[in-house]
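Q: Generate coordinates for the sequence data below:
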Amino acid sequence: MTRKDLGDTHLWGHNAWNHFMGDHAVTAMVIPLSANRTLVCTKWLVHKDAVEGIDYDLEKLTNVWVATTDQDAELVSRSQLGVEDPAYEPGPYSRFTEGQLDAFATWYVERMRAHGY
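A: Predicted coordinates:
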């Protein structure tokens, strides 16, 4: 993609998402560390010859992602507090918005069982 005005191309996985634009790419990955801790890694990729301050402005490049990541962290933190509450009872995944999550969880459990867990 060479035109900067065409938006972006997305590639999503279960624990990662990638956005490719004409002038840069963003990759983000989440890695579970424990039941209540997750590592989030985000990288911005620019052309190997790009010069900061000339070819791109770091603040402009990252400000939307940093803001949305901060908002996501707050939402996840509040959700985790709810899950840790002794009164919490898990329910089924939403068939409208969580189909891929349900499919992944089902696949994961089946793989674990197949290997004796």
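Q: The helix or strand where Thr38 lies pairs with which strands?
A: Element membership of Thr38 [criterion: DSSP states H and E] is strand 37-46. Pairing partners of strand 37-46, with direction, according to DSSP bridges: strand 24-34 (antiparallel).
Q: Now do the buried residues in the strand it pairs with.
A: Buried residues in strand 24-34, counted by 16 or more other CB atoms under 10 Å: 24-26, 28, 30. Glycine gets a C-beta too; all of them are placed from N, C-alpha and C.
Q: what's the closest non-adjacent residue to Thr62?
A: Trp44 (6.1 Å; CB to CB, 6 or more residues apart in numbering).
Q: so that neighbour makes contact with His24?
A: Yes: counting by CB atoms under 8 Å, His24 is a contact partner of Trp44 at 6.0 Å.
Q: what sits in contact with each of these two?
A: Taking CB atoms under 8 Å, 6 or more residues apart in numbering as the criterion, Trp44 and His24 both touch Leu61.
Q: re earlier: what residues does the residue nearest to Thr62 make contact with?
A: 24-26, 61-62, 65.
Q: Most widely separated two among those?
A: Ala25 and Thr62 (12.8 Å; CB to CB).
Q: now stretch 61-78: how far from the chain's centre is it?
A: 10 Å (CA atoms, centre = their mean, to the nearest Å).
Q: Need the contact partners of it.
A: 24, 26, 28, 38, 40, 42, 44, 46.
Q: for stretch 84-101, the distance to its chain's centre please.
A: 18 Å.
Q: Checking Tyr93 next. Helix, strand or coil?
A: coil (DSSP: H, G, I helix; E, B strand; the rest coil).
Q: Skipping adjacent residues, who's closest to it in space?
A: Per CB to CB, 6+ apart, closest to Tyr93 is Asp102, 4.0 Å.
Q: Need the three-state assignment for that neighbour.
A: helix.
Q: so who does it touch?
A: 92-93, 95.
Q: Neighbour-wise, give me the winner out of these.
A: Neighbour counts for the contacts of Asp102 (other CB atoms under 10 Å) peak at Tyr93, which has 16 neighbours.
Q: how much space between Leu33 and Tyr56?
A: 32 Å (CB to CB, to the nearest Å).
Q: No further questions, thank you.
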